[in-house]
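In: Quick one, what's the 3D model for this:
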Amino acid sequence: MSEGARTPAQIEAEIARRREDLAATLDEIAVRVHPVTIARDTKAKAVSALDRTVGQAYVAANRAVSRARAQFVTEDGRPRPERIVPAAVAVAVLIGAVVGLSVHRRRR
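Out: Modelled structure (predicted):
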C-alpha cells in the first residue's frame, strides 16, 4: 500500500470518531437552544444588569450623601452651625408652607 492509502478499519474508525463528534455537537446545540437554558441565560443577564445598575446607583447616592454631609460637617466631624441653621430654617418654612396650604385647601 502507498503512504496515503488507508485501510478499511482506519476509515471506519474515522467515520465512528466523526459520528461521535457530530453527536456531541448536536447535543451541545440542543442544550443551548433548549427553552430552559435560554430562560436561565436571559435571567442571569438581567440579574447581572440589575446588579450593575443598583451598584452604580449606590455609588452615586453615596457620593451625593458625602457631598451633602461635607456641606454641614467639617473634615474632623464637627457640625457647621453657620450652614445647619439656615438649612433648618428653610426646611421649617417649607414644611410650614405645605401645612398651611393643606389647611387652607381643606377649609374651602
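
In: show me where pLDDT drops low in the protein?
Out: 1-3 (pLDDT under 70).

In: mind listing the helices for it?
Out: 8-33, 35-72, 81-107 (DSSP state H).

In: quick one, domains of the chain?
Out: By the assignment in automatic domain parsing, the chain contains the domains 9-72, 81-108.

In: next one: the first one to chain centre, how far?
Out: Centre-to-centre, domain 9-72 and its host chain are 13 Å apart (C-alpha atoms, centre = their mean, to the nearest Å).

In: what's the first-to-last distance across it?
Out: 86 Å (C-alpha to C-alpha, to the nearest Å).

In: related to what we said a few turns ago, would you turn the domains of the chain into TSV with mean neighbour count?
Out: (Each C-beta comes from the backbone N, C-alpha and C, glycine too.) Shown next, in TSV, are the domains of the chain (neighbours: other C-beta atoms under 10 Å):
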stretch	mean neighbour count
domain 9-72	10
domain 81-108	10
